[in-house]
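>>> Model the structure of this input:
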Amino acid sequence: MGRVKEPVAQRLLDALKQQDRRRILKLAVESDTPLSPSLASKKLPAPLSSTARNFKVLATAGLIALSSEVAKRGAIEHFYVPTEDALNHPIVQAVLMCM
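Predicted coordinates:
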């Protein structure tokens, strides 16, 4: 038997439970350019490892989407932009307004 999909509202709330994720999403929404975990970790400030993990949670929840990848010093830097859910969903808007 397959896994039951959770309702959209619950998925969004689960992703936004953690304060750093809310702060990352707010940075992404307010940014004029795509945001990478590296850039976000410097702005927060927060460790890159936890910031990258939080980006993955936000992406899995459908709040940010991969925009581009750039080769940088032997690694690939991933850049993300907010999705329509992040920009327009009333739950997300309410959470971001409370920050």
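>>> what kind of secondary structure is the residue nearest the centre of the chain in?
Using C-alpha atoms, centre = their mean, the residue of the chain that lies closest to the mean C-alpha position is Leu58, 3.8 Å off. Assigned by DSSP: H, G, I helix; E, B strand; the rest coil, the conformation of Leu58 is helix.
>>> low-confidence ranges in the protein?
Judged by pLDDT under 70, the chain has its weakly predicted residues at 1-6.
>>> How are the strands of it distributed by residue range?
Taking DSSP state E as the criterion, the chain carries its strands at 64-72, 75-82.
>>> sorry, back to before: please name the residues that touch the residue nearest to the centre of the chain.
The neighbourhood of Leu58, defined by C-beta atoms under 8 Å, 6 or more residues apart in numbering, consists of Ala15, Arg21, Ile24, Leu25, Ile64, Tyr80. Placement of C-beta: from N, CA and C, glycine included.
>>> ok, 7 Å please
Ala15, Arg21, Ile24, Leu25, Ile64 (C-beta atoms under 7 Å, 6 or more residues apart in numbering).
>>> which residue packs closest to it, ignoring adjacent ones?
Closest residue to Leu58 apart from its sequence neighbours, by C-beta to C-beta, 6 or more residues apart in numbering: Ile64 at 4.7 Å.
>>> Next one: the one you found relative to Leu35, how far apart?
Remark: distance between Ile64 and Leu35 (C-beta to C-beta, to the nearest Å) = 8 Å.
>>> And for Ile76?
In terms of C-beta to C-beta, Ile76 sits 15 Å off from Leu35.
>>> For the two, work out which one has more neighbours and name it.
Neighbours of Ile76 and Leu35, each counted by other C-beta atoms under 10 Å, are more numerous for Leu35; the result is 23 against 8.
>>> ok, that one - contacts?
The neighbourhood of Leu35, defined by C-beta under 7 Å, 6+ apart, consists of Leu27, Ala28, Phe79, Tyr80.
>>> switch to 8 Å and redo it
Ile24, Leu27, Ala28, Ile64, Phe79, Tyr80, Val81.
>>> and the last one, what is it in contact with?
Think Val81. Applying C-beta under 8 Å, 6+ apart to Val81 gives the contacts Ala28, Pro34, Leu35, Ile64, Ala65, Ser67.
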